[in-house]
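Enquirer: Pasting the sequence and the predicted model now:
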Amino acid sequence: MCTSIIFSPKDHYFGRNLDLEVSFGQQVIVTPRNYNFKFRKMPDMKKHFAMVGIALNAGNYPLYFDAANEKGLGMAGLNYPGNATYYKEKEGKDNIASFEFVPWVLGQCSNISEVKELLKNFNIIDLNFSDKMEASPLHWLIADKSGTSIVVETDKDGMHIYDNPVGCLTNNPQFSKQLFNLNNYADISPAMPKNNFSDKVNMDGYSRGLGSRNLPGGMDSESRFVRVAFNKFNAPHCETEEENVDNYFHILHSVEQQRGLDQVGPDAFEYTIYSDGTNLDKGIFYYTTYTNKQINVVDMNKEDLDSDKLITYELLTKPNFNHQN
Ligand SMILES: C[C@H](CCC(=O)NCCS(=O)(=O)O)[C@H]1CC[C@H]2[C@@H]3[C@H](O)C[C@@H]4C[C@H](O)CC[C@]4(C)[C@H]3C[C@H](O)[C@]12C
């Protein structure tokens, strides 16, 4: 499972938790403006916006899991098995494979209204990257530095673009159902609950935090959706970058999957391999990994963004202990 959010305390932070049982050897990859992006059914994109995110470098082609561009637009693909549908090629349409969708959008759009315009002629096609790497069933959260976000789902009945009032996405079911499900949690609150039960019973609030007692705690995608939306809406908005980045990671880590809790095979457990976030206003990329909880930083502005070569950084995974004596 995965969770993606846009958090807007002052600047805007976009990213995700990547939850899975196996790692692909992904890296932080900065794609500069003059890297030649090839598309299977569309002309090459020789010049485009620079982007930073997590990707698998497949023979010098960055297969992005999630990324943000220099204009402050971010995009993440999350598993959507059973629902994601990719279509046949259509004449006159922009025919894009699912693994090309992130660079197609981030290469040329600056904000959500441009994305909506671009998607008017979009057709996602059923194409594998290679024989060994089949297309993944995904849906996408896309957000910009105004804090606006949309969800794109390509279902059996066609493509849906939803305005996203909560600024988060997890996995199944469809986004519209995830939103509807929030109805069931309307009474969750950071405040102590009032006794609406009966004035015949003395309820003295034996513990702090009773207002969030019914917040779902499971690893499943519906529980994480409710939990991350609630935690994000109630997170503090601070003044400094450090405080806001710290709060951002508290939100993502509140839905992280601890190893051992989500069994997907006889001896296999899904867990949060990394959590990342880009400051969309400043182009600074932050991440933590399951074993390295220090916040690591790659500042896109420190790179030569006019280059034509991918810039890669290994994800740091070595535990970082600070011995005080
Ligand atoms: C599995 C990842 C999503 C995480 C997630 O939602 N996990 C939930 C798993 S489940 O519901 O519980 O089964 C997705 C996100 C981005 C995906 C990758 C990117 O789309 C880039 C390429 C695309 C290629 O077609 C397949 C390999 C791949 C490298 C993808 C592998 C995998 O499907 C990734 C890493």
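Expert: The structure has been received and is ready for your questions. Please read all numbers here as calculations on a predicted model, not as lab measurements.
Enquirer: what does stretch 316-325 contact?
Expert: With contacts defined as C-beta atoms under 8 Å, 6 or more residues apart in numbering, stretch 316-325 is touched by 289-294, 296. Any C-beta I mention is one placed from the backbone N, CA and C, and that applies to glycine too.
Enquirer: what sits against the closest residue to W140 other than its chain neighbours?
Expert: With C-beta to C-beta, 6 or more residues apart in numbering as the measure, V152 is the residue that lies nearest to W140, at 4.6 Å, once sequence neighbours are left out. Contacts here follow C-beta under 8 Å, 6+ apart; on that basis V152 touches 119, 139-140, 142, 159-161.
Enquirer: Output the residues you listed in TSV, with secondary structure and pLDDT appended to each entry.
Expert: Output for those, formatted as TSV (DSSP: H, G, I helix; E, B strand; the rest coil; pLDDT from 0 to 100):
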residue	secondary structure	pLDDT
L119	helix	98
H139	strand	98
W140	strand	98
I142	strand	98
M159	strand	98
H160	strand	98
I161	strand	98
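Enquirer: still on that earlier bit, drop anything exposed from the contacts of stretch 316-325.
Expert: Neighbour-count burial (16 or more other C-beta atoms under 10 Å) is assigned, among the contacts of stretch 316-325, to 289-290, 292, 296.
Enquirer: Tell me how far the residue of the stretch 201-325 of the chain found nearest the ligand lies from M219.
Expert: For the stretch 201-325 of the chain, the residue positioned closest to the ligand under C-beta to the nearest ligand atom is E270, at a distance of 5.8 Å. When distance is defined by C-beta to C-beta, to the nearest Å, E270 is 8 Å away from M219.
Enquirer: Just give me the neighbour total for S223.
Expert: A count of nearby residues for S223, using other C-beta atoms under 10 Å, gives 17.
Enquirer: Give me the nearest residue to the residue of the stretch 201-325 of the chain closest to the ligand, chain neighbours excluded.
Expert: Setting aside the residues directly before and after it, E270 is nearest to D262 in space (C-beta to C-beta, 6+ apart), at 4.3 Å.
Enquirer: surely N79 meets T170?
Expert: No. N79 sits out of contact with T170 when judged by C-beta atoms under 8 Å, with a separation of 9.2 Å.
Enquirer: Settle it for me: which of the two has more neighbours?
Expert: Set N79 next to T170 and count neighbours by other C-beta under 10 Å: T170 wins out with 31 against 19.
Enquirer: Extract the residue ranges of the stretch 1-150 of the chain that are flagged as low pLDDT.
Expert: Filtered on pLDDT under 70, the stretch 1-150 of the chain yields the residue ranges 1.
Enquirer: That one: strands as residue ranges?
Expert: Under the criterion DSSP state E, counting those that start in this stretch, strands of the stretch 1-150 of the chain are mapped to 2-7, 13-20, 27-31, 51-57, 62-69, 73-79, 94-97, 122-125, 138-144, 149-155.
Enquirer: Need those in JSON lines (columns: distance to I112).
Expert: Converted to JSON lines, the strands of the stretch 1-150 of the chain look like this (distance: least, C-beta to C-beta, whole Å):
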{"stretch": "strand 2-7", "distance to I112": "11"}
{"stretch": "strand 13-20", "distance to I112": "12"}
{"stretch": "strand 27-31", "distance to I112": "21"}
{"stretch": "strand 51-57", "distance to I112": "16"}
{"stretch": "strand 62-69", "distance to I112": "13"}
{"stretch": "strand 73-79", "distance to I112": "8"}
{"stretch": "strand 94-97", "distance to I112": "18"}
{"stretch": "strand 122-125", "distance to I112": "14"}
{"stretch": "strand 138-144", "distance to I112": "5"}
{"stretch": "strand 149-155", "distance to I112": "6"}
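Enquirer: which residues does the residue in the stretch 151-300 of the chain that the ligand sits nearest to contact?
Expert: In the stretch 151-300 of the chain, no residue comes nearer to the ligand than N171, which is 4.8 Å away by C-beta to the nearest ligand atom. Residues in contact with N171, defined by C-beta under 8 Å, 6+ apart, are 1-2, 78-81, 221.
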